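K.L.:
Here you go, sequence then predicted model.
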Amino acid sequence: MMAIFALLLIVLGILGSYHLLKSQNPFKEHGLPYKSYLPILGSTWESILRRKSFAVVIQEIYNLAPSARYVGFYNRTTPIVMIRDPELIKTIAVKNFDAFRNHRTVNDTQTDDVLLSGNLLLLRDNRWREVRSLNTPAFSTSKIRSMYRSMSEIAINVARYLSTLAPGQNIVEMKDIFTRYANDVFATCAFGISVDSLSDRENKFYELGREALDIHSTPILKLILIFAFPKLARRLGVSLVSKEATNFFTRVVSENIKMREEKGITRPDFIQAMIDKRNGRGRDDELTVEDITAQAFVFFFGGFETTSGLLSFAVHELAANPEIQGKVHAEIDRVLVSNNEITFERVNGLMYLDAVINETLRMYPIIPITDRECSKRFELPPVLPDAKPYVLKEGSHVWFPIYAIQRDPRYFEKPDCFDPDRFLDDNKKRSDAFNGDAYMPFGAGPRNCIGNRFSMMETKVALFHILAKCRLEVCPKTTIPMELRKRGVFLTAKNGFWLRIVPRHPVTIHIYQFRGEIITYLEQENESKTMLDSWSITAAIVAVLAIAYYQLIWKYKHFERIGIPCYHSIPLLGSFWEAVIQRNNFAEISRKIYNSYPDTKYMGMYDTTTPVLLIRDTELIKAISVKHFEQFPDHRSFQNEATDPLFAKNLFALRGDRWREIRNLLSPAFTSSKMKSMFILMRDCAKEYGDYFASLTGDESTIELKDAFTRYTNDVIATCAFGVEVNSMKDRKNKFYVYGREGTTFGSWASIKFFVTRVLPVSVCTLLRIRLIRKEISDFFIDLVSTTIKTREEKGIVRPDMIQLMMESKGKLGAGKEMSMIDICAQAFVFFFGGFESTSTLMCFAAYEIAVNEDIQRRLQNEIDQVLEERDGEVTYAAVNEMKFLDAIIYEALRMYPVVVATDRVCMKPFELPPNRPGEKPYLLKEGDNVWFPIYAIQRDPQYYPEPDKFDPDRFLNDTKQMINSGLFLTFGIGPRMCIGNRFAMLETKVLLFHLFARCNLVPCSKTTIPMKLNRKGFSMTAENGFWFKIEPRSAKKEEKIAVPGTTMLIDKIPDRYPDN
């Protein structure tokens, strides 16, 4: 009923206003040029009906009479004088400010629309002066400087998010990104509340803030009622901002103030400035919570919509003009190369970036007009030379057409061309526009935007960090030339701001730096195309030489420049050059590096061309990987999803939130109950291998164990991860084994490719199509998993394996996060990689040390025999897990021969390391810095393990848990990113060794290398000449009551097959 009543009133209003406008047209009466109009909708009806954008309509009205100083039009039912002359605008807005001190007010200050009617933009007269004076200190240089760090942290988070987008997901709508950035800056700098709208995409702060500002979605009848009949709208309780949004922000402010006053908390933000001011005012003049909320919302209004729009237009123009983007990159890179802290002053001093932002504001002022209300009679000069003056009466309204003036070729040459150079220092001094009155994106006079410096800094910081890490490119969804949206008042793109984001590699950064500088030089110095071409060749040579110098000399002085001791390197090959040319093995080189500066907590080295900090202190390793995990959550990535999806998308390579999601999803696959269910599959497989080993005779009994153990691990993984039955001893060339071994063994050629991926940027490796795993192998595993899933779904098959777990994950990760077939294959493959290569290598080293230490082999077999005797030959999960000496042997093998020699972390936020030596200063790790934990070297350090090169399982017998958790045993990694499958690997190893040594003795032969020599080829740890041994069946005496499964001995006590558990 209320809606029908409102509609009836609007119809009557249309008829009445039409009659009134027709009979009383002040523009026609005084001979002013004016724009035609429609009843109620006024002269801007094409914008209201969404036929043209608001800015274009304003520009058309502006161009109606090119010689006139002002023109008339109707904003719905209100007559407006549009001032076309910048000098006259200055006269009105500055010289005669007292006569034009207010904006037109849409809502009565007594309405419930607290967020709009009570804010600075709409306040009037003395109340405006008071609040403006109150707010001004919050936007001083010192206050903005105090907020700079908070801004930077949020901008760094956005840049990190964009630079780590996968190739298939790197086409982004930038307005969404920037509204989330602006929201988070507002939440922090206005309220002191930490919000991450990129991770928590539906947080209430963002959702309600966006709703409150999205007047474009407000129904047309509601808008007409509010703007044309504000008093009626008030009576009907119609407001632009919902009650929920108003209550939410008011409650946030109220609770924030209460908490700070109760706990004495002080923060460098807007709310604090308001609290300080309120405490200094008289009781009758006290700022209410509603007042503070309204002023904070002005902050929000400016930061959320206008700053995000400015950023969106800026990145659009940078992507559409790559030569301009190159100049910005060059300016930013000069700051980055200096290795100094990125301070407020350094960002504020970026002149070309400043020019880019000013030019964006010229072309795209987000609010295309501003207005004033005449508060007393004022005489305008004649509209045309021969006309009479025009008198503005009290209550009359004037508009300043910012967009139209800033697109007028009289003031800006080639106004539709994006040219930041017009705002550089040399041009600024010559430009009447910049120093005069035609440039006014933030308004004019005392009522100009109070937060303009804050907005500029917020924009600069975001662009600095994004362009430091990313290159912006147009994509098929980018609209060129720009088309403005026809809906709403704010300037924005018709189809959104879609761009492709490409991460910048350090090499790429310097190429673009030189390219930008050379372009600038050539533009300044060259007169002709011929000269330009010759200089281009010269510039290319200079650039190549400069980059070569950087890559071969300058880069390798990084640690020298910052005063950190560093292990010597060879350009491109880095500190591990001996491993690259196969002069020494990777493990022993890492040990040499570790031991080169024994009195330090950390030291420098180079992983090919990348500077890396090697952490020597185990307490510091623990602090980084556990206590400060949030600052070091990721491994360094080196593969591209498009070329190597099985490597790039597996759990080890995943980063950020995606890693957490997949880690949490996979963790249930490695619980004790899951291990128990997989134990049966492992036991049956190990039993077959035990039978096989015991059956070997003559020359066949001398075997290379790595081949046998990889076949065992292959068969276990096939059944436990993929649900596929394979017998690699009988079918020695089955595809599962052949492809699995090739895909997980880093031989010489694979190691070369791996080295190349560490040297070159990911983008270059993608271009060169460098793959660590052949496409044929990738396709085989993807087809295998796809077929397995399809078969299970069709036939309702359920198996206790990893594929089943991932099949059951559907719907658990949320919209847009579900696992694709490639994701599932990648996780199954990393399971395969760890179980196939790493576990088989562990078995080899353990068997080697057992064989060459006869007393250890005897003790192990006694433990095995005791277990079989006590349980009447039944091999259970619990029995195997209770074998203390077998446990100790495996842990000691892992200590001496960690299959992964070192692990790494990437610093994601600035982190201060303690002084390297007593008396030295702390060292600040920057975002993107790499640290390594030298597992092999620490576990061979005599200060932690006496006689470290001696195989001594007894060191793990007394208190195994304490040894493993001491921070000195790092084989499976440390912290939340430690190996997820460590219990699976341990169980798989125990079961195989149990069955091998229950049935056989392992004896060194002529091919056995004693002492152990590690292989110098590749990066995997393995024996130089393989693991050759002679296998002899064990003989047992009945009186010893040694149960040997699978034989006829003590058959009355032990069956020839272990019963099922």
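P.N.:
Looks like it arrived, so ask away.
K.L.:
ranges for the strands of the stretch 851-1000 of the chain?
P.N.:
903-906, 911-913, 923-925, 930-933, 1000-1004 (DSSP state E, counting those that start in this stretch).
K.L.:
Please convert those to a markdown table, extending it with mean neighbour count and mean pLDDT.
P.N.:
All C-beta spots, glycine's among them, are computed from the backbone N, C-alpha and C. Output for the strands of the stretch 851-1000 of the chain, formatted as a markdown table (neighbours: other Cβ atoms under 10 Å; pLDDT from 0 to 100):
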| stretch | mean neighbour count | mean pLDDT |
| --- | --- | --- |
| strand 903-906 | 21 | 94 |
| strand 911-913 | 16 | 95 |
| strand 923-925 | 17 | 93 |
| strand 930-933 | 22 | 96 |
| strand 1000-1004 | 19 | 95 |
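K.L.:
and the residue nearest to residue 586 when sequence neighbours are not counted, what element?
P.N.:
Excluding its sequence neighbours, the residue lying closest to residue 586 (Cβ to Cβ, 6 or more residues apart in numbering) is residue 579, at 4.5 Å. If you go by DSSP states H and E, residue 579 is part of helix 577-580.
K.L.:
so how far is the very next helix or strand once past that helix from its chain's centroid?
P.N.:
Going down the chain from helix 577-580, the next helix or strand is helix 586-595, by DSSP H and E. Distance of helix 586-595 from its chain centroid, counting by Cα atoms, centre = their mean, to the nearest Å, is 33 Å.
K.L.:
ditto for stretch 956-976
P.N.:
32 Å.
K.L.:
how long is that stretch from one end to the other?
P.N.:
24 Å (Cα to Cα, to the nearest Å).
K.L.:
quick one: buried residues of that stretch?
P.N.:
Using 16 or more other Cβ atoms under 10 Å as the test for burial, stretch 956-976 gives 956, 963-964, 967-975.
K.L.:
would you list those in a markdown table and tack on distance to residue 456 and pLDDT?
P.N.:
Output for the buried residues of stretch 956-976, formatted as a markdown table (distance: Cβ to Cβ, whole Å; pLDDT from 0 to 100):
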| residue | distance to residue 456 | pLDDT |
| --- | --- | --- |
| 956 | 62 | 92 |
| 963 | 58 | 75 |
| 964 | 55 | 77 |
| 967 | 48 | 84 |
| 968 | 52 | 91 |
| 969 | 53 | 92 |
| 970 | 48 | 93 |
| 971 | 52 | 91 |
| 972 | 50 | 91 |
| 973 | 45 | 91 |
| 974 | 44 | 93 |
| 975 | 41 | 93 |
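K.L.:
Just put the residues you listed in JSON lines and tack on distance to residue 37.
P.N.:
JSON lines is the format used below for the buried residues of stretch 956-976 (distance: Cβ to Cβ, whole Å):
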{"residue": "956", "distance to residue 37": "90"}
{"residue": "963", "distance to residue 37": "86"}
{"residue": "964", "distance to residue 37": "82"}
{"residue": "967", "distance to residue 37": "78"}
{"residue": "968", "distance to residue 37": "83"}
{"residue": "969", "distance to residue 37": "82"}
{"residue": "970", "distance to residue 37": "77"}
{"residue": "971", "distance to residue 37": "80"}
{"residue": "972", "distance to residue 37": "76"}
{"residue": "973", "distance to residue 37": "72"}
{"residue": "974", "distance to residue 37": "73"}
{"residue": "975", "distance to residue 37": "69"}
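K.L.:
among these, which are in helices?
P.N.:
963-964 (DSSP state H).
K.L.:
Nice, that's everything, thank you.
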